[in-house]
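Visitor: curious how this folds, go ahead:
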Amino acid sequence: MLSQALNILTDPVIMVVAVFAMAFGILMGALPGLTAPMAMALLLGFVYTLPTDMSVIAMIMIFLGGVYGGSMSAILLNIPGAPASAATALDGYPLAQQGKAGRAIGLVTVSSAFGSFMGAVFMALLTPWLVKFSLQFASWELLFLVLFGIVVAGTLSSDDPVKGWISGLLGLLIAMVGFDDLHTIPRFTFGSSYLAGGIGLIAAIVGLFGISQVVISMGPRKSNQVLVTKELRSVLPSLSDLRGKLRLSLQSSIIGTIIGILPGVGADMGAWASYSAARRTSKTPEMFGKGSMEGVLAAETGNNAVVPGSIIPVIALGLPGSAGAAIFMAALFLHGLKPGPTFLLDNRELFEYIVSGLLIGSVLLCVVGLALARAMINILRVPRENIMAVVIALAAIGAYASKLQFNDLWMMVGFGVLGLVMRALNFSLAPLVLGVVLGRALDEYLRNALVISGGDLTAIFDRPIATILLIFLVAFIVLGNARLRKLLMTPLRRTFRKNA
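Guide: Numbering: from 1, shown residues only. Predicted coordinates:
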C-alpha cells in the first residue's frame, strides 16, 4: 500500500491530473444541479483515453470533489449543489446568515476529508474479507446478486419501488442491445450496424446525467438563490469547532460507509442517516436546523464516507453501491477490467492503488477545497446559461471522443430525452444506470449457469447461497410492493386467526 501511495505522490503527471480532477469535481458539485455522477459522466470519454492508473485517479478525485462541492452552494445559497448536500443546508445556511460562512465551509471541508479518509480505511479492511466470502459465488450466485442489487437499488432510491424496479429492468433491456457474446446473434438492432456494437456506455451515461440535468437546471430559478455574503474572511475551522467531535466523526463515517455499500442508495442517504443519528445522540438537539456545527459535520462526514463505501462492492462483488460507483465501474470496464470476486486476486496492486488514491484524495480534498473556497463565491455568480453551454460542449466532446462515432451524439441526445422523461415521471436514474452497466454481466452469468446445469432451473436449490439470495430477492419484491404484500398477508392472517 505504501509503495502505491509513493508512486502517486512522486509522479508529477498523476498529481497534476489529480489536482485538476479534484478542482473540476468541486466546481461541478458546487454549481446547483450539477452532481458528482454528472461530472464523472462528462469526463468519462476523456478519462477513457488515459492510462488505467491515471483514469482511476481522475475518477476518484472527481467523485470525492463532486460530493463535497455541493456543500458550497448549500451554505452560501441555501441551494444544495447536489442532493447529498441537502442535509448540510439545514444548518450551513443559518450559519452563513449568522456571519459564520467561512467557519462553516472550513468545517465541512475538514469533515469531508475525514469521512473520505475513514471510508478508505474501512475499504482497505472490509474488501479482502468480502472477497473471501464472494469467492464462493458461481454463476447462479452472481446472477441473483446482480438481480438483488438492482431490486434493492430500485426499492431504496425511489419513493415508489415499482418505478425503481421498472427503471432497473429498462437498464437491463438496454444492455441487451447488440451482438450477444456467446453466439454473436444480433438482438434489438433493427438492422442497424451501429446498434450491432451495442449501446455506447459513455454516450448513454452522459445523456442520462448530463443532457437531462442541463434541461432541468435551465428551468425557473428558485427565489431564495441569493448569496448571503460577498466575501469570506477565514475558511479555517476553529479549534472550538473541532474539539470533542471525534466520536461524532467516527459515528458518521461508519454510517456513511455502511450506506455506501448498499446498492443504489447514494451519498444523500448517507448524509441524512448521519445527520439523524447525530441529532439523536447530541446534547443540544434543539440547535439542529438553526445553525448547529454538529449537524454540518455529521452530514458532510457521512456523505463523503459513502464514496469509498460504494466502491467496496464494486471491487468485491462487481456490484456498484451508487450511481457514481456505477460510472467508476464503467470506467474499469472500458479499460478491460472486470470488477468482481476475482478482481482483487488478479489486480491486487490496482486495488492498493485505488485505496491509496482515496487516502491521498482525502488530503487533497482538504487542500484544494480550502484553496477554492474564496473563488467559489465569484463562480457562483456566473450566469447559469454560460455554465450550461460549457456543460453541453463537454458532454458532446466526451460522447464523441469515446469511439469517434457521430452516431454517439444522437445516442447521447436520445438518452438525454429518456432521462428527462424519467425524471418528469419520478423514475430514479440510479437503477437504470446499474442495469445498463451490469446487463452484460447478468447475461453472461445466466448463460453460464444454464449451460452448466444443462438448462435445469432446479439446480438453484442445490446451492445454499444461491437459494438464500433468491429468497431475499423474492422477499424484497413482495415487501416492497404494497399490493403483493396485502395479497399474500391477507390469507396468512385469516389462517392465523382460525388456528388461534
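Visitor: could you use CA atoms for every contact and neighbour count after this?
Guide: Fine.
Visitor: can you point out the buried residues in the helix or strand containing residue 107?
Guide: With elements taken from DSSP states H and E, the one containing residue 107 is helix 101-134. Of the residues in helix 101-134, those buried by neighbour count under the rule 16 or more other Cα atoms under 10 Å are 101-124, 127-128, 130-131, 134.
Visitor: quick one, the helix or strand just after that helix and helix 101-134 angle?
Guide: Downstream of helix 101-134, the next assigned helix or strand under DSSP H and E is helix 139-156. With axes from the mean of the first three to the mean of the last three Cα atoms, to 10 degrees defining the directions, helix 139-156 sits at 150 degrees from helix 101-134.
Visitor: helices or strands next to helix 139-156 in the packing?
Guide: With contacts defined as 3 or more Cα pairs under 8 Å, 6 or more residues apart in numbering; DSSP states H and E, the packing partners of helix 139-156 are helix 161-175, helix 429-453, helix 464-480.
Visitor: need the ones you listed in JSON lines (columns: distance to residue 191).
Guide: Supplementary listing: the helices and strands packed on helix 139-156 in JSON lines, determined by distance: least, Cα to Cα, whole Å:
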{"stretch": "helix 161-175", "distance to residue 191": "16"}
{"stretch": "helix 429-453", "distance to residue 191": "21"}
{"stretch": "helix 464-480", "distance to residue 191": "36"}
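Visitor: can you redo those helices as JSON lines with distance to residue 153 and mean pLDDT?
Guide: Supplementary listing: the helices and strands packed on helix 139-156 in JSON lines, determined by distance: least, Cα to Cα, whole Å; pLDDT from 0 to 100:
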{"stretch": "helix 161-175", "distance to residue 153": "7", "mean pLDDT": "86"}
{"stretch": "helix 429-453", "distance to residue 153": "6", "mean pLDDT": "83"}
{"stretch": "helix 464-480", "distance to residue 153": "11", "mean pLDDT": "82"}
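Visitor: pipe the ones you listed into TSV and attach distance to residue 139 and mean neighbour count per row.
Guide: Shown next, in TSV, are the helices and strands packed on helix 139-156 (distance: least, Cα to Cα, whole Å; neighbours: other Cα atoms under 10 Å):
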stretch	distance to residue 139	mean neighbour count
helix 161-175	17	22
helix 429-453	5	22
helix 464-480	9	17
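Visitor: quick one, which of the ones you listed is nearest to residue 411?
Guide: Among the helices and strands packed on helix 139-156, helix 161-175 comes nearest to residue 411, with 12.0 Å by Cα to Cα.
Visitor: show me what whichever helix or strand comes after that closest one is packed up against.
Guide: Per DSSP H and E, helix 161-175 leads on to strand 178-179 as the next helix or strand towards the C-terminus. Packing partners of strand 178-179 (3+ Cα pairs under 8 Å, 6+ apart): strand 186-187, helix 193-196.
Visitor: check the ones you listed for me and report the most buried one.
Guide: With neighbours defined as mean count of other Cα atoms under 10 Å, the helices and strands packed on strand 178-179 peak in mean count at strand 186-187, which reaches a mean of 18.
Visitor: now do it: which elements does it pack against?
Guide: Applying 3+ Cα pairs under 8 Å, 6+ apart, we find strand 186-187 packed against strand 178-179.
Visitor: give me the mean pLDDT for the strand it packs on.
Guide: The pLDDT scores in strand 178-179 average 85.
Visitor: and if you look at stretch 300-313?
Guide: What stretch 300-313 shows for mean pLDDT is 89.
Visitor: restricting to C-alpha, output that stretch in CSV.
Guide: Listed next in CSV are the C-alpha coordinates belonging to stretch 300-313 (Å, rounded to 0.1, in the frame of the first residue of the first chain):
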residue,chain,number,x,y,z
GLU,A,300,-20.6,16.1,5.4
THR,A,301,-18.7,13.3,7.1
GLY,A,302,-21.4,10.8,6.3
ASN,A,303,-22.0,11.7,2.6
ASN,A,304,-18.2,11.6,1.8
ALA,A,305,-17.7,8.3,3.6
VAL,A,306,-20.2,6.9,1.1
VAL,A,307,-17.7,7.4,-1.7
PRO,A,308,-15.2,4.7,-0.6
GLY,A,309,-18.1,2.6,0.8
SER,A,310,-19.8,2.5,-2.6
ILE,A,311,-16.6,1.3,-4.3
ILE,A,312,-16.3,-1.7,-1.8
PRO,A,313,-19.0,-3.8,-3.5
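Visitor: I figured residue 69 was touching residue 30, is that so?
Guide: Yes: the pair residue 69 / residue 30 is scored as a contact, 4.4 Å apart, by Cα atoms under 8 Å.
Visitor: quick one: distance of the helix holding residue 107 to the chain centre.
Guide: Relative to its parent chain, helix 101-134 has a centroid offset of 14 Å by Cα atoms, centre = their mean, to the nearest Å.
Visitor: now do it, average pLDDT.
Guide: Across helix 101-134, the average pLDDT comes to 87.
Visitor: that one - contacts with which helices or strands?
Guide: Helix 101-134 is packed against helix 52-77, helix 86-97, helix 246-261, helix 293-317, helix 348-379, with contacts defined by 3+ Cα pairs under 8 Å, 6+ apart.
Visitor: worst mean pLDDT among the ones you listed?
Guide: Considering these one by one, the lowest average pLDDT is found for helix 86-97, at a mean of 81.
Visitor: that one vs helix 293-317, what angle?
Guide: Compare the direction of helix 86-97 with that of helix 293-317 by the same axes, to 10 degrees and you get 150 degrees.
Visitor: mind listing what's buried in helix 86-97?
Guide: Neighbour-count burial for helix 86-97 flags 86, 87, 88, 89, 90, 91, 92, 93, 94, 95, 96 (criterion: 16+ other Cα under 10 Å).
Visitor: please save the CA atoms from that helix in PDB.
Guide: Backbone C-alpha positions of helix 86-97 (Å, rounded to 0.1, in the frame of the first residue of the first chain) are rendered in PDB as follows:
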ATOM      1  CA  ALA A  86     -29.400  18.900   1.300                       C
ATOM      2  CA  ALA A  87     -28.800  17.900   4.900                       C
ATOM      3  CA  THR A  88     -25.900  20.300   5.100                       C
ATOM      4  CA  ALA A  89     -28.100  23.300   4.000                       C
ATOM      5  CA  LEU A  90     -30.300  22.800   7.100                       C
ATOM      6  CA  ASP A  91     -27.500  24.200   9.400                       C
ATOM      7  CA  GLY A  92     -25.000  25.500   6.900                       C
ATOM      8  CA  TYR A  93     -27.200  28.300   5.600                       C
ATOM      9  CA  PRO A  94     -28.300  29.500   9.000                       C
ATOM     10  CA  LEU A  95     -24.600  29.600  10.000                       C
ATOM     11  CA  ALA A  96     -23.800  31.800   6.900                       C
ATOM     12  CA  GLN A  97     -26.700  34.100   7.900                       C
END
